[in-house]
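Asker: The sequence isn't on hand, but the structure is:
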Ligand code: ATP
């Protein structure tokens, strides 16, 4: 029997609760489709940081790299100020494993109310392909009064960047800057992912989100390289360029009118949250941080400290993230069975608390796992 080693990082707040249920559902799928899952647990998150003063020991990265994929709950705790966990854990993993694609599907689910009406007969089935390592999220910037001088250092799978940026104001005023940067190979590889996904979905268009009119250096380059990559390698796919502001206007007016949406890092973050809301909320929004090495799958929601321990968390976003992970490791039938079980559960009479029902976190997990087994 094939054995799949999966890294598990349950994290903080409702993270362990929702990941526990996602594992339960994956185990049911593994049993049904004849493979074995072995989980390698990592204790990192706020509690570990507060106890040990350390976010992510270097040795853990080697242990993680032996795994086929990672399933992550949520990281964050009101006792830890924003910064060290996001930078030292989530972004560190993303950059270390060069997870250059953030994949965020937005789907309609039965009985899940949505804030914008869908045109008759249409369902929301969009997916954001977000570049995950460049743009304004390089983590490079600084501030100063009169003079801003910053040493620049960034390591990516594709390149190492180093240098120094010096700016001076006359007269001396206080200012701050963030460096947005993109490279030809960085844009080309994410464009390929979007093209392959559109082909796999049987689509011949990709919406490319941009803002080249206002930020021509960065997004003009983005437009040029994406256009070139589609025309050289995906002549069957037409890129349709939409400015990010226009996209935020068009999406709520016609949520069912979109398929693959290729976005630079910053706009992908914004557009995918808008899409999650249009699809019915955080409780069902799944995501994957995908690269050529270890890929990491996680619900979009955070650690929700306000409901942690109450049993009221909805684990379906974690379950849908686990389905993405199963698909990524090649267990496509198991992934499809998990997705179908989530649909069937929601189409039935029961609902999680988050959606106005009475099912607690464990009840949802058990019911979905049972549906996977009986399918
Ligand atoms: P973070 O900064 O880590 O994203 P946050 O508190 O800003 O944390 P979330 O943790 O995503 O954001 O929570 C936002 C709101 O949505 C909270 O009221 C939370 O209780 C609710 N929420 C988030 N995820 C779930 C879930 N899986 N089930 C039920 N409610 C949830």
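Answerer: Looks like it came in fine. Predicted model, so just to flag it, every value in this text is computed and none were measured.

Asker: When you work out contacts or count neighbours from here on, use the C-alpha atoms and nothing else.
Answerer: Fine.

Asker: and whichever residue of the stretch 1-150 of the chain sits closest to the ligand, how many neighbours?
Answerer: Proximity of the stretch 1-150 of the chain to the ligand (Cα to the nearest ligand atom) peaks at residue 76, 5.2 Å away. By the criterion of other Cα atoms under 10 Å, residue 76 has 23 neighbours.

Asker: Could you do residue 216 as well?
Answerer: 13.

Asker: Same check on residue 333?
Answerer: By other Cα under 10 Å, 15 other residues sit near residue 333.

Asker: what about it, helix or strand, and which?
Answerer: Here residue 333 sits within helix 332-347, counting by DSSP states H and E.

Asker: Counting by contacts, list what the next helix or strand after that helix packs against.
Answerer: Downstream of helix 332-347, the first helix or strand assigned by DSSP H and E is helix 361-374. Judged by 3 or more Cα pairs under 8 Å, 6 or more residues apart in numbering; DSSP states H and E, helix 361-374 is in contact with helix 15-33, helix 332-347.

Asker: For the longest one, the averaged confidence score.
Answerer: For helix 15-33, the per-residue pLDDT values average out at 98.

Asker: Buried residues in that helix, which are they?
Answerer: 15-30, 32 (16 or more other Cα atoms under 10 Å).

Asker: Reformat the helices and strands packed on helix 361-374 as JSON lines; add distance to the ligand.
Answerer: Formatted as JSON lines, the helices and strands packed on helix 361-374 follow (distance: least, Cα to the nearest ligand atom, whole Å):
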{"stretch": "helix 15-33", "distance to the ligand": "7"}
{"stretch": "helix 332-347", "distance to the ligand": "14"}
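
Asker: which residues does residue 28 contact?
Answerer: Neighbouring residues of residue 28 by Cα atoms under 8 Å, 6 or more residues apart in numbering: 369, 370, 372, 373.

Asker: Any of the residues you listed buried? List them.
Answerer: Of the contacts of residue 28, these count as buried by 16+ other Cα under 10 Å: 369, 370, 372, 373.

Asker: For the stretch 1-150 of the chain, list the residues in contact with the ligand, please.
Answerer: Residues of the stretch 1-150 of the chain lying close to the ligand by Cα under 6 Å from any ligand atom are residue 76.

Asker: just the strands in the stretch 1-150 of the chain please.
Answerer: 2-11, 35-41, 69-74, 101-107, 125-131, 141-145, 147-155 (DSSP state E, counting those that start in this stretch).

Asker: how about the ones you listed, which one is nearest residue 307?
Answerer: Ranking the strands of the stretch 1-150 of the chain by proximity to residue 307 (Cα to Cα) places strand 69-74 first, at 13.2 Å.

Asker: Let me see the residues that make contact with the closest one.
Answerer: Everything outside strand 69-74 that qualifies as a contact, by Cα under 8 Å, 6+ apart, is 5-16, 18-19, 64, 294-299, 301-303, 318, 321-322, 325, 329.

Asker: Taking helix 15-33 as reference, get the angle to the helix holding residue 333.
Answerer: Helix 332-347 and helix 15-33 meet at an angle of 120 degrees, taking axes from the mean of the first three to the mean of the last three Cα atoms, to 10 degrees as the criterion.

Asker: Rounded mean pLDDT for helix 332-347, please.
Answerer: pLDDT averaged over helix 332-347 gives 97.

Asker: Can you spell out which helices and strands pack onto that helix?
Answerer: Checked by 3+ Cα pairs under 8 Å, 6+ apart, helix 332-347 has helix 15-33, helix 316-328, helix 361-374 packed alongside it.

Asker: and the second one with helix 361-374, angle?
Answerer: Yep, that's helix 316-328 we're talking about. 40 degrees.

Asker: swap in the longest one?
Answerer: Between the direction of helix 15-33 and that of helix 361-374, the angle (the same axes, to 10 degrees) works out to 10 degrees.

Asker: so where's the stretch 1-150 of the chain shaky on pLDDT?
Answerer: Where the stretch 1-150 of the chain drops to pLDDT under 70, the residues are 120.

Asker: Tell me, how many residues neighbour residue 61?
Answerer: 15.

Asker: shift numbering so it begins at 831
Answerer: From this message on, residue numbering opens at 831, which makes the last subject residue 891.

Asker: Domain ranges for this structure, per the record?
Answerer: The chain breaks down by automatic domain parsing into domains covering 831-930+1117-1205, 944-967+1010-1109, 969-1009.

Asker: In CSV: these, plus distance to residue 938.
Answerer: Converted to CSV, the domains of the chain look like this (distance: least, Cα to Cα, whole Å):
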stretch, distance to residue 938
domain 831-930+1117-1205, 9
domain 944-967+1010-1109, 5
domain 969-1009, 34
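
Asker: Give me the most central residue, the protein.
Answerer: residue 1117 (3.5 Å; Cα atoms, centre = their mean).

Asker: quick one: it from residue 958, how far?
Answerer: 10 Å (Cα to Cα, to the nearest Å).

Asker: what touches both of those two?
Answerer: 932, 933, 934, 935.

Asker: In contact with the last one, which residues?
Answerer: This means residue 935. Residue 935 sits next to 955, 956, 957, 958, 1115, 1116, 1117 when contact means Cα under 8 Å, 6+ apart.

Asker: Kindly report the same for the second one.
Answerer: With contact set as Cα under 8 Å, 6+ apart, residue 933 has these partners: 957, 958, 959, 960, 1117, 1118, 1119, 1120.

Asker: Just give me the neighbour total for the fourth one.
Answerer: In other words, residue 960. 28.
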